[in-house]
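Engineer: just to be clear, the model below is a prediction. Sequence and coordinates:
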Amino acid sequence: MQPGTHFQPVLTDPTTTDPEQVDKVVFVSGKLYYDLQKEKADRGLNDRIALIRIEELCPFPKDQIKEELEKYRYATEFVWCQEEHENQGPYSFMAPRLAQMIPHHKLEYVGRKPLSAPAIALPPLFKEQQAKLIKDAVNLD
């Protein structure tokens, strides 16, 4: 890291200019954020969807997430999005913790279905699934 910088466990969405207009909050971790951000911008949804990047899973950054959620108090949809299969990524760890923080809303999962294998060995299928989960994450109901 550069001098004068520090690690941040939770990163806000810098493209959302009016948090009160946000309808949907998408929690994401890792490089998938960049794909979601591009799709969101391409579809003109910067003020309708907020992407909250959680870069430190454990210890759970409860206070930082709470601070982010307070910005989006009018949001009605909450999603955890990951590119790993449901049973392989951080969803099973994060879901109960995030659900406690949004007690009046359901946390939706957007990602690949559970799979016993660690990866899909078919690049075309992987790309198809990746495109679908990115579109699903930024769709508004």
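Structural biologist: Everything's here; your move.

Engineer: the longest strand in this protein is where?
Structural biologist: strand 77-85 (DSSP state E).

Engineer: parallel or antiparallel, list what pairs with that one.
Structural biologist: Looking at strand 77-85 with DSSP bridges, its partner strands are strand 24-28 (parallel), strand 107-112 (parallel).

Engineer: tell me the most buried of those?
Structural biologist: When the strands paired with strand 77-85 are scored by mean count of other CB atoms under 10 Å, the highest mean neighbour count falls to strand 24-28 (a mean of 24). (Each C-beta comes from the backbone N, C-alpha and C, glycine too.)

Engineer: mean confidence (pLDDT) on it, please.
Structural biologist: Summarised as a single mean, pLDDT over strand 24-28 is 98.

Engineer: tell me the helix or strand right after it.
Structural biologist: helix 32-42 (DSSP states H and E).

Engineer: make a markdown table from the strands paired with strand 77-85 and add distance to Leu122 to it.
Structural biologist: Formatted as a markdown table, the strands paired with strand 77-85 follow (distance: least, CB to CB, whole Å):
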| stretch | distance to Leu122 |
| --- | --- |
| strand 24-28 | 24 |
| strand 107-112 | 13 |
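
Engineer: so the longest helix belonging to the chain versus strand 24-28, what angle?
Structural biologist: In the chain, taking DSSP state H as the definition, the longest helix is helix 123-138. Between the axes of helix 123-138 and strand 24-28, defined by axes from the mean of the first three to the mean of the last three CA atoms, to 10 degrees, the angle is 140 degrees.

Engineer: any idea which of the strands paired with strand 77-85 gets closest to Asp18?
Structural biologist: Of all the strands paired with strand 77-85, strand 24-28 sits nearest to Asp18, with 14.0 Å by CB to CB.

Engineer: returning to what we had before: and the angle from the longest strand of the chain to helix 32-42?
Structural biologist: On the basis of the same axes, to 10 degrees, strand 77-85 is oriented at 130 degrees to helix 32-42.

Engineer: where does the chain have low pLDDT?
Structural biologist: 1 (pLDDT under 70).

Engineer: show me the contacts for the residue nearest to Gln21 when sequence neighbours are not counted.
Structural biologist: Excluding the flanking residues, the one nearest Gln21 by CB to CB, 6 or more residues apart in numbering is Asp47, at 4.5 Å. Residues in contact with Asp47 (CB atoms under 8 Å, 6 or more residues apart in numbering) are 16-18, 21-22.
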